[in-house]
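Chemist: predicted model, plus sequence, below.
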Amino acid sequence: MRRPRVWPAVAGMAVGGVALAGTRTATGRPVRSAPTLAAAGLGMAAGGLMVYEWLSPRSWLYGPVFWHARTAERVISLTFDDGPCHPYTGQLLEILDQEGVRATFFQVGNNVVREPNLAAEVASEHVVGNHTFTHPHLTWSWPSTIRDELERGQHAIHDATGTLPAIFRVPHGWYGPQTISVAQEVGLRCMGWSVMAWDWNRPPEQTIQHRIMRGVAPGGVTLLHDGQDTDAYPKADRSHTIAAVPPIIRQLKESGYRFLTLPELMQLDAQAQPT
Ligand SMILES: [Zn+2]
């Protein structure tokens, strides 16, 4: 189902509110009169919302971004970005295999081209999503640039794994309305997350574990990294993240959680709240 577009109405409020306040002031009415202040306040609030939503990893104003399931059930989705990356992705696959957990990997096309066998190994057990080809900031990019990044990512993943992703996560977390609409045109659903650990800064494994466990909730989506920006290889170091994963899984299991891939979590969300 296609949602009605809300953002033009919000944009109208932003422009209209500020314009009305400006016109009232220009025609000699006092700036501090209640209607002028109300119009300016409404305009600025609507403008602020537009900027916030432009940058938010959980954006809803410009299009749907799935970042959690509406459920009280203790289910969670583990997601890993920026791979595949030797040796970390392989180590992670072993851990997940031992624990019997399926996860979702947002792979960078460039890294897939460098490690096609590793990418295929991931796809044989887990769900693979598109994370662009070169991992750029897309927040202010032209739609043609975004389309190119997404399509090259799709081709790279398809060539290596034989599967074509249906989900996409924007690099660096900020979508922008044009990114969401281009992704939809390419046939990709945009994905966010509900809890992350800032693990790209390589905090100690206990810190990563603590940050994830503090933020988990039923229907949540965790974000960790098994790789790094494409040009960082071979200097990428994800050893702290990999070391944090087994205790995170163990603790979640002890708390009664079971693990779903992102498409499974979306399905659960759709069943819980039919629209
Ligand atoms: Zn990334």
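Modeler: Yes, it's here. Numbers count the residues shown, from 1 in each chain.
Chemist: ok, residue 223 - contacts?
Modeler: By C-beta atoms under 8 Å, 6 or more residues apart in numbering, residue 223 lies in contact with 79, 81, 193, 195-197. Where C-beta positions appear, they are placed from N, C-alpha and C, glycine not excepted.
Chemist: now do the same contact list for residue 151.
Modeler: residue 186.
Chemist: pLDDT (mean, whole number) over the longest helix anywhere in the chain?
Modeler: Counting residues, the longest helix found in the chain (DSSP state H) is helix 34-55. Mean pLDDT, helix 34-55: 79.
Chemist: pLDDT averaged over stretch 181-189 - what is it?
Modeler: 95.
Chemist: now do it: distance to the chain's middle.
Modeler: 14 Å (C-alpha atoms, centre = their mean, to the nearest Å).
Chemist: buried stuff in that stretch?
Modeler: 181-183, 186, 188-189 (16 or more other C-beta atoms under 10 Å).
Chemist: returning to that earlier point: what's the closest of the contacts of residue 223 to the ion?
Modeler: residue 81 (4.2 Å; C-beta to the ion).
Chemist: on that earlier part again, can you name the element that comes right after the longest helix of the chain?
Modeler: strand 65-66 (DSSP states H and E).
Chemist: tell me what that next one is packed against?
Modeler: strand 189-191, helix 262-272 (3 or more C-beta pairs under 8 Å, 6 or more residues apart in numbering; DSSP states H and E).
Chemist: next SSE after it?
Modeler: Following strand 65-66 in sequence, per DSSP H and E, is strand 75-81.
Chemist: helices and strands of the protein: which one bottoms out on pLDDT?
Modeler: Within the chain, no helix or strand scores below helix 34-55, which has a mean of 79 by mean pLDDT, DSSP states H and E.
Chemist: so what pLDDT did the residue lying closest to residue 72 once chain neighbours are set aside get?
Modeler: Nearest non-adjacent residue to residue 72, counting by C-beta to C-beta, 6 or more residues apart in numbering: residue 218, 5.5 Å away. pLDDT, residue 218: 97.
Chemist: and residue 218, how many neighbours?
Modeler: 15 (other C-beta atoms under 10 Å).
Chemist: mind telling me what element it is part of?
Modeler: When the helices and strands are read off by DSSP H and E, none of them contains residue 218.
Chemist: isn't it right up against residue 194?
Modeler: No - in this structure residue 218 lies outside contact range of residue 194 using C-beta atoms under 8 Å: 10.2 Å.
Chemist: picking that back up, quick one: contacts of the least confident helix or strand of the chain?
Modeler: Identification of contacts with helix 34-55 by C-beta under 8 Å, 6+ apart yields 7, 10-11, 13-21, 24-25, 29-31, 59-62, 139, 174-177.
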